[in-house]
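# Generate coordinates for the sequence data below:
(2 chains)
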2 protein chains.
Amino acid sequence: MQSEEKFTDDEMYLLVDTVMKQNYAIELVSSQITDIENGLMDVGEEQYTRLLHLYHKLRDLGL
Amino acid sequence: MQSEEKFTDDEMYLLVDTVMKQNYAIELVSSQITDIENGLMDVGEEQYTRLLHLYHKLRDLGL
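Numbering: from 1, shown residues only, chains lettered A, B, ... in the order given. Predicted structure coming up:
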């Protein structure tokens, strides 16, 4: 997760807040999951599992 | 920023990492800035300024 090292916590909160306000969270996470399942991206089994959990949480929260 | 309270730090890192890997960070931030400038969204002067800084940082980092 090297990209996070470039940003302050405040910047990350702002980015997460922006993703939510733009109603794009679940879209992004499902695209990432699709890319992994299609072999376009390899993030490892552990991160893939965490993405699935995040996807279900976003869906349950209606985000 | 109520949406952040629903997520653990780990989930937020994962979401930020996903935004980066999907190459969608600057797109989202610029859409948010456009919505604010067009009066479609009101986040207050301070957050608008922080969004502009984040936009320039993302552009400078080529993200």
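
# Quick one: residues in contact with the helix or strand bottoming out on mean pLDDT in chain A.
Of all the helices and strands that make up chain A, the one with the lowest confidence by mean pLDDT, DSSP states H and E is helix A:9-21; it has a mean of 92. Applying C-beta atoms under 8 Å, 6 or more residues apart in numbering or on different chains, the external contacts of helix A:9-21 come out as A:4, A:7, A:25, A:28, A:63, B:1, B:3-4, B:7, B:12-13, B:15-16, B:19, B:25, B:28-29, B:32, B:41, B:43, B:47, B:50-51, B:54, B:57. The way it works is simple: take the backbone N, C-alpha and C, and place the C-beta from them, glycine included.

# so it versus helix B:9-21, what angle?
Inter-element angle recorded for helix A:9-21 and helix B:9-21: 70 degrees (by axes from the mean of the first three to the mean of the last three C-alpha atoms, to 10 degrees).

# Send me helix A:9-21 as PDB with only the CA atoms.
The C-alpha trace of helix A:9-21 is given here as PDB (Å, rounded to 0.1, in the frame of the first residue of the first chain):
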ATOM      1  CA  ASP A   9      -4.300  11.000   7.400                       C
ATOM      2  CA  ASP A  10      -6.300  14.200   6.800                       C
ATOM      3  CA  GLU A  11      -5.800  13.800   3.000                       C
ATOM      4  CA  MET A  12      -6.900  10.200   3.100                       C
ATOM      5  CA  TYR A  13     -10.000  11.100   5.100                       C
ATOM      6  CA  LEU A  14     -10.800  13.800   2.500                       C
ATOM      7  CA  LEU A  15     -10.300  11.300  -0.300                       C
ATOM      8  CA  VAL A  16     -12.600   8.700   1.400                       C
ATOM      9  CA  ASP A  17     -15.100  11.400   2.100                       C
ATOM     10  CA  THR A  18     -15.000  12.400  -1.600                       C
ATOM     11  CA  VAL A  19     -15.400   8.800  -2.800                       C
ATOM     12  CA  MET A  20     -18.500   8.600  -0.600                       C
ATOM     13  CA  LYS A  21     -20.000  11.900  -1.600                       C
END
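
# Thanks a lot, catch you later.
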